[in-house]
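Kindly return the folded structure for what I paste below:
(one chain, ligands or ions: 1)
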Amino acid sequence: MRVLIVEDERKISDFIKRGLKEDGYSVDAAYDGKEGHLLATTGEYDLVVLDIMLPKIDGISLCRKLREEKIVTPIIMLTAKDSVKDKVKGLDSGADDYLIKPFAFEEFLARIRALLRKRDSNAVTKMQISDLVLDLMTHKVTRSGQEIELTTKEYALLEYLMRNAGSVVTRTMISEHVWDVNFDTYTNVIDVYINYLRNKIDRDHKNRLIHTLRGRGYVLKE
Ligand code: CA
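As a prediction, the model looks like this:
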C-alpha cells in the first residue's frame, strides 16, 4: 500500500510517515500543493493524506483539481480547523474523509483502513492463489492451512505480488509500491526479500508460486 502525504509542517509529516511505515505502508511526502499535485498525478498511490493549509496550492483547491483530472485515489483531509464549514468544503471538493489535527494515530489508521476497504469495492478481505491465502484484515498468511510468520516488509511484498498475481511485476514496480520512490539503486534488496519469501512460502512445497523471469521481474502464479 502506497501513501502520499501532502503536508508542509515537517514535524507532522514526519510523524505520520513514521507511523505509517511502522504499519507496513510505503510513504512519499510532498511539502506544498504543487509538489503534491505532481506526485499525486504521476505516482500510483492507494491513498492521499492531504492537509488543507498548504503553500502554493491549498488542500481544498488541490483536491478539487485532482478530481477534475479524474484522479480517483481516496483522499483523507487534515486540518487544524474544527469548523463545519471547512469540513463541508473539504468533502464537497471530493475528499473521502476528514480528520482534525491533532488526532490519535490509532484513529487515523482505522480511517485509512476503512477507506482502503471501501476502495476495494467488492470488499475483498482474502486473497488466494493455489493453497496460499492472505487475509487483508488480520494480515495472516497460510499455505496449505499452515500459518506462515512474515515480517512487515515480507507481508507487504507478498500482498503486492498477490494483488498482481498472474502478471509480471518488475523490480521498479516493487520498489515503488513496497518501498519508496528513488529506490532503483538498491534493487538487490528486492531479490533478497524475494528469497526470504521463497524460503517461507515455497521451500517446503512441490508447486512453487513465486517465479523469476530473467531480466524482467517476478510473477506469482500457480
Ligand atoms: Ca499545513
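
Report the residue ranges of every domain in this protein.
Here the domain parsing of the chain from automatic domain parsing is 2-119, 126-220.

Give me the distance between the two termini of the last one.
Terminal residues of domain 126-220 are spaced 16 Å apart (C-alpha to C-alpha, to the nearest Å).

Now mean pLDDT too, for the domains of the chain, in TSV please.
Listed next are these as TSV, based on pLDDT from 0 to 100:
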stretch	mean pLDDT
domain 2-119	90
domain 126-220	89
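
so which of these is the most packed in?
domain 2-119 (a mean of 18; mean count of other C-beta atoms under 10 Å). To be clear about C-beta, it is placed using only N, CA and C from the backbone, and glycine gets the same treatment.

Report whether the expected contact of Tyr160 with Ile174 is present.
Yes. Tyr160 is in contact with Ile174 according to C-beta atoms under 8 Å; the separation is 6.5 Å.

and the chain, which of its residues are near the ion?
Proximity of the chain to the ion (C-beta under 5 Å from the ion) is limited to residues 8, 51, 53.

May I see those residues organised as JSON lines, with distance to Tyr155 added?
Below are the residues of the chain next to the ion laid out as JSON lines (distance: C-beta to C-beta, whole Å):
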{"residue": "Asp8", "distance to Tyr155": "32"}
{"residue": "Asp51", "distance to Tyr155": "29"}
{"residue": "Met53", "distance to Tyr155": "35"}
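
Please tabulate those in TSV, including the columns secondary structure.
Below are the residues of the chain next to the ion laid out as TSV (DSSP: H, G, I helix; E, B strand; the rest coil):
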residue	secondary structure
Asp8	coil
Asp51	strand
Met53	coil
